[in-house]
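# can you look at this prediction? I've put the sequence above it.
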Amino acid sequence: MTDETKRVRARFSRARRIKLQRDFQRVYRFRARAFNRRLAICCAPTAPGARARLGLSVSKRVGKAHVRNRWKRLVREAFRAQYAAIPQGYDFIVIPQKQAAPPSFNELCDDLLELVARAVKKANRAKTSSELKQTSAKDDDREANDALSSKTEGANP
RNA sequence: AACGUUGGACGAACGGUCGCGGACAACCCAAGGUUGUCUGAGGAAAGUCCGGACUCCAUAGGAUGCAACGACGGGUAACACCCGCCGGUCGUAAGACUAGGGAAAGCGCAACAGAAAGUAAACCGCCUUUUUCGAAGGGUAAGGGUGAAACGGCGAGGUAAGAGCUCACCGCGUUUCAGGUAACUGAAACGGCAUGGCAAGCCCCGUUGGGAGCAAGGAUAAAUAGCGUCGCGUUCUCGUGAACGGAGGGUGAUCCGUCCUUAAGACGCAGGUAAUCCGCUAGAGCGAUUAGGCGACUAAUCGUCGAGAUAAAUGACCGUUGCUCUUCGAUUGAAGAGUACAGAAUCCGGCUUAUAGUCCAACGUUCAUU
RNA sequence: GCUAGCGUAGCUCAAUCGGCAGAGCAGUUGAUUUGUAAUCAACAGGUUAGGAGUUCGAUUCUCCUCGCUAGCU
């Protein structure tokens, strides 16, 4: 019975997806990644109280249009089903590796949880190592001057 | 019954739980959110190979060029599509394929072989004359050999040997007659071989084509940073303005022509924003009946509304039942595996390509039975 | 959405107007050397991306697929 109540709560609306090119670039630049034979996951922290968000990047190398749609739907469904087990306050980008056939749903759930855990560990390590970067990242959200900030970071060391 | 040929239809079904896009309604109500109801991929949505609708540029007119098409008749909004029919090739047949105008407008091509690859010529031959017996001259294109293709085929007459030289049949061409809307078919007469092939080689003839594409195009909002180049004369008029000329630009191949601008302007470079709404789905729509037509299709009447996203919705799990294959059993059955190709993005009509399987109809050949 | 180009040996590229598919590097074998490299000689290696058509004959001409690349909006 507890499982059913969890399922009732598990929703996945448009607000929990990453849509803007800006956000994608921010997550890629944070460089907290975890790989698998089938998947790659990038991860970056957002504001502390925010919900976890999912972005998908499925290239043409993966397959034809219906194969790509299949991947996106499976990953979205896995993200939704395991939403309670995923840590909040992060953005995730899921990238299927090229030439990989879509797996079954249960395998994909296991892969997703494992890789999310690894990526979040990496992200926390990066966060604690340099707190200045975190503040600069917050500024990035508001002002959206990614290019300038990255240039200054490269110039400082 | 077996083997085929052609055309068409479908392309898993039902139920439960959760989730996503859209519309409507209610509630909290600032944004937005919650609940309920309805609804939500295809025969190819694909490739983007053709043709249109629609929108803007803006006048699309002429000549040349370029591109596409090419028997004939029809269908259609249009077509490189479809239907009918003719010719050709293949198949015992049902049927299949067919870019199928012009080679006496001109240019060009045909490797190797072969004597010769096209206004003819003559290697071996055959016949004949001369002869120094080596050969030379003449006639001929029946035969040999080469080639994908050799200047009609085959038989008879004829001849020194031969030859459409003559004749019959066939092929080819011209004319006439008959049938057909026509392509064409059939028959007769005449000609007496002239006019070999390739035009998916150049080309000629005929027909068609203004350009760009929903990121078209329109509205609102937000944001930024400007810079450079070009640039009006005359006449008339009190003046507004008009005419002519010049300059710049468009007409996306060129020229003529034409159109626009000419001082709150045009063009170029650089930079910023890429957010919302409209376009956006009722249409050459779909289904049925009747009528016309061999058919593609058309007309009338009745009924009906079936996706509209934008980091882009159609999914996940479970159960039952179909269908196919394998194994066991072999009457029912049991277990396992599989259940294709593939995803709308402005919308239609085609073509092409990919497809597990299932069903229906018509027809052909062979065999068996009556 | 629109448009252009390319595909030939393991690699990089040729092949005029349609007429025997070639070169360099790489590979194999032999020679040379005490041995290796270099050099010399010989050899092998091709569905000309796939299919169909035109033609006597197609890498070449035409059409349809497949893959790759580039450009414009």
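All right, it came through fine.
# for the rest of this, base every contact and every neighbour count on C-alpha atoms.
Will do.
# look up the closest residue to A:L74, ignoring the ones flanking it.
Across the structure, with Cα to Cα, 6 or more residues apart in numbering as the measure, the residue nearest A:L74 apart from its sequence neighbours is A:F105 (6.8 Å).
# what pairs with the one residue sitting closest to the centre of chain A across the strands?
Nearest to the mean C-alpha position of chain A, counting by Cα atoms, centre = their mean, stands A:F92 at 0.8 Å. Following DSSP bridges, A:F92 is listed with bridge partners A:C43, A:L54.
# that one and A:R29: what is the separation?
The spacing between A:F92 and A:R29, counted by Cα to Cα, to the nearest Å, is 13 Å.
# same question for A:Y83.
24 Å.
# the more surrounded of these two?
Shown here are A:Y83 and A:R29; by other Cα atoms under 10 Å, A:Y83 has more neighbours (20 against 14).
# pretty sure the residue nearest to the centre of chain A is touching A:T46, no?
No: with contact defined as Cα atoms under 8 Å, A:F92 and A:T46 do not form a contacting pair (10.3 Å).
# what residues does chain A have near RNA strand B?
Counting by Cα under 7 Å from any atom of the strand, chain A comes close to RNA strand B at A:4, A:7-15, A:17-21, A:24, A:55-57, A:64-67, A:69-70, A:72-74, A:77, A:80, A:104-106.
# filter the residues you listed down to the buried ones.
By the neighbour-count criterion of 16 or more other Cα atoms under 10 Å, those include these buried positions: A:12, A:17-18, A:24, A:55-56, A:67, A:72, A:74, A:77, A:80.
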